[in-house]
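Asker: Everything below, folded, please.
(one chain, ligands or ions: 2)
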Amino acid sequence: MLYKGEWNPNELDYRALAGQWHVVCLSTDVGADQPKAVRLLGEELVLWRDDQGKVNAWKDYCGHRGAKLSLGCVKQGQIECPYHGWRYSSQGECTLVPAHPERKGPSSQRLIFRHFAEERYGYIWVSLEKPLRPLPELPQWHDDSFRKVFAGPYLYNANALRSLENFIDASHFPFVHANLNGLPDAPEPLKRYNVKEDEHGLHSSEICVFQPYGDHRGIPVNARYTYSVLNPTTAYFVKKTGETERFCTFFNATPVDESQCVIWLIVAINFGQDLTLEQILSRQNIVFEQDRRIVESQRPARLPLDPHAEMHVVSDRMGIEYRRWIRALGEAASTNQQSQVIESVSI
Ligand code: FES
Ligand code: FE
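Answerer: Ligands and ions are numbered 1, 2, ... in the order given. Below is the predicted model:
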């Protein structure tokens with residue numbers, strides 16, 4: 001079921017995102033007793049844990065008089081509304097009306113809105129509609145030879161899809177990340193690369209670039225990137241910066257609404273055991289602040305899905321395929337939505 005947020009739910013980009021997993025916060029942001037408010041695709045949601053510790057993601061709304069459940073608390077594994085103290089089970093049943101404790105609560109079926117929530121990699125993931133794809137995988141998560149560092153969150157006043165496209169774009173390095181990821185006075189031409197699609201998403205072949213400060217050691221490297229888009233708001237790269245050195249980044253952009261997103265990163269590296277957390281984070285912070293300035297400036301705010309709306313060149317292949325893929329996901333979701341409407345009308 002759809003709820004009207006700021007983002008028009010009939011637009012293709014919204015449709016492409018409504019039935020997909022998105023990181024919304026860290027697992028540790030939701031304690032046992034305290035609900036947490038988040039926004040996703042313009043919807044105000046409340047996250048809370050039941051008595052099994054399982055996270056629930058509901059519309060932040062009490063069906064009695066419309067108060068925000070996130071202002072309430074969790075008692076005995078149920079969420080309590082802050083206004084008149086009504087309690088709800090994780091199944092969405094009203095179990096207690098304190099003004100009439102002897103009576104069964106009214107049916108809350110049509111007035112409590114439950115979404116889909118999971119936890120993985122220290123994040124809480126939410127899908128507003130039934131998820132159409134599995135949770136994305138970070139291949140190095142269980143590999144102890146890789147040190148994992150959480151970076152961000154970075155708040156961008158920019159659309160999540162614009163931010164993701166920036167993450168998979170290799171030709172901006174010499175300009176946006178001058179003297180870090182490229183040389184502004186000697187920008188390298190990019191060699192032609194391929195993009196293939198499989199059930200896990202989109203994957204580029206290797207893209208090679210010289211970088212004067214190519215990884216957290218602060219040394220020049222001939223970097224070889226392989227990018228993947230694993231979900232509409234999740235992407236990943238493996239960057240080879242030496243014979244065996246690997247610098248991987250798992251990127252997630254929460255689509256808060258059409259013009260705001262939050263970037264969450266897990267960096268996985270198999271070198272530089274002596275590097276401090278500060279050294280690793282400082283490079284990440286610099287790079288993502290540099291990207292912010294550009295991505296926030298892009299107009300229109302939303303990623304154009306019409307291929308004629310902007311100019312393209314061969315090195316934009318990954319972005320072009322990403323836009324095509326988002327469009328296809330949006331069209332498939334719209335068709336699915338229409339057939340559900342027709343079915344329900346014909347019943
Ligand atoms: Fe929630 Fe009254 S508004 S109990
Ligand atoms: Fe960048």
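
Asker: and the protein, which residues reach ligand 1?
Answerer: Within the chain, the positions near ligand 1 by CB under 6 Å from any ligand atom are Cys62, His64, Arg65, Ala67, Cys81, Tyr83, His84, Trp86. Glycine gets a C-beta too; all of them are placed from N, C-alpha and C.

Asker: that's a helix at the second one, yeah?
Answerer: No: according to DSSP: H, G, I helix; E, B strand; the rest coil, the state of His64 is coil, so it is not within a helix.

Asker: Measure how buried it is and give me the count.
Answerer: 17 (other CB atoms under 10 Å).

Asker: what about it, distance to Ala309?
Answerer: Between His64 and Ala309 the computed distance is 46 Å (CB to CB, to the nearest Å).

Asker: Please apply the same query to the third one.
Answerer: Look at Arg65 and Ala309: by CB to CB, they are 45 Å apart.

Asker: Now do the helices in the protein.
Answerer: 12-18, 160-167, 173-176, 277-297, 317-346 (DSSP state H).

Asker: Just name the most buried of those.
Answerer: helix 160-167 (a mean of 25; mean count of other CB atoms under 10 Å).

Asker: I figured Leu183 hits Tyr213, correct?
Answerer: No: if you go by CB atoms under 8 Å, Leu183 and Tyr213 don't touch, sitting 10.8 Å apart.

Asker: what about the closest residue to Ala32 other than its chain neighbours, neighbour count?
Answerer: Distance criterion CB to CB, 6 or more residues apart in numbering; nearest residue to Ala32, sequence neighbours excluded, is Arg49 at 5.7 Å. Arg49 has 22 neighbours, counted by other CB under 10 Å.

Asker: Contact partners for Leu202?
Answerer: Val195, Lys196, Tyr227, Ser228, Val229, Met318, Glu321, Tyr322, Trp325 (CB atoms under 8 Å, 6 or more residues apart in numbering).

Asker: Please repeat the previous calculation with a cut-off of 6 Å.
Answerer: Val195, Val229, Glu321, Trp325 (CB atoms under 6 Å, 6 or more residues apart in numbering).

Asker: Ala178 now?
Answerer: For Ala178, the contacting residues are Pro184, by CB under 6 Å, 6+ apart.

Asker: where's it relative to Tyr225, distance?
Answerer: From Ala178 across to Tyr225, the span is 18 Å (CB to CB).

Asker: circling back to that earlier point, now tabulate the helices of the chain in a markdown table and tack on mean pLDDT.
Answerer: Shown next, in a markdown table, are these (pLDDT from 0 to 100):
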| stretch | mean pLDDT |
| --- | --- |
| helix 12-18 | 98 |
| helix 160-167 | 98 |
| helix 173-176 | 98 |
| helix 277-297 | 97 |
| helix 317-346 | 82 |
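
Asker: Compare those helices and report which one is nearest to Glu93.
Answerer: Glu93 lies closest to helix 317-346 among these, at 24.2 Å (CB to CB).

Asker: For Ala333, which non-adjacent residue is closest in space?
Answerer: Arg15 (4.2 Å).

Asker: before we move on, what about Tyr88?
Answerer: Leaving aside its chain neighbours, Tyr88 sits nearest to Ile79 (5.3 Å; criterion: CB to CB, 6+ apart).

Asker: for that neighbour, which residues make a bridge with it?
Answerer: Val74, Tyr88 (DSSP bridges).

Asker: May I ask which helix or strand of the chain has the lowest mean pLDDT?
Answerer: Ranked by mean pLDDT, DSSP states H and E, the helix or strand of the chain with the weakest confidence is helix 317-346, at a mean of 82.

Asker: so how far is that one from its chain's centroid?
Answerer: 19 Å (CA atoms, centre = their mean, to the nearest Å).

Asker: give me every residue that touches the residue nearest to Ala333.
Answerer: Contact analysis of Arg15 by CB under 6 Å, 6+ apart lists Gly330, Ala333, Ser334.

Asker: Nearest to Pro220 among those?
Answerer: Closest to Pro220, out of all of the contacts of Arg15 and judged by CB to CB, is Gly330, at 41.5 Å.

Asker: Thought Ala16 was touching that closest one, still the case?
Answerer: Yes: using CB atoms under 6 Å, Gly330 makes contact with Ala16 at a distance of 3.7 Å.

Asker: For ChimeraX, write a command that selects the buried ones of the residues of the chain next to ligand 1.
Answerer: Only the buried entries of the residues of the chain next to ligand 1 go into this ChimeraX selection, using 16 or more other CB atoms under 10 Å:
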select :62,64,67,81,86
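
Asker: any idea which of the residues of the chain next to ligand 1 is closest to Glu129?
Answerer: Cys62 (21.9 Å).

Asker: Could you pull up the contacting residues of that closest one?
Answerer: Contacts of Cys62 by CB under 6 Å, 6+ apart are Leu69, Cys81.

Asker: Tell me where the model's unsure across the chain.
Answerer: 1-6, 338-347 (pLDDT under 70).

Asker: ok, 50 please
Answerer: 1-5, 342-347 (pLDDT under 50).

Asker: Most distant residue from the centre of this structure?
Answerer: Ranking residues of the chain by C-alpha distance from their mean position (CA atoms, centre = their mean) puts Glu102 at the top, at 44.2 Å.

Asker: For it, give its distance to Leu96.
Answerer: Distance from Glu102 to Leu96, by CB to CB: 11 Å.

Asker: what residues are up against Leu135?
Answerer: Counting by CB under 6 Å, 6+ apart, Leu135 makes contact with Trp21, Glu118, Arg120.
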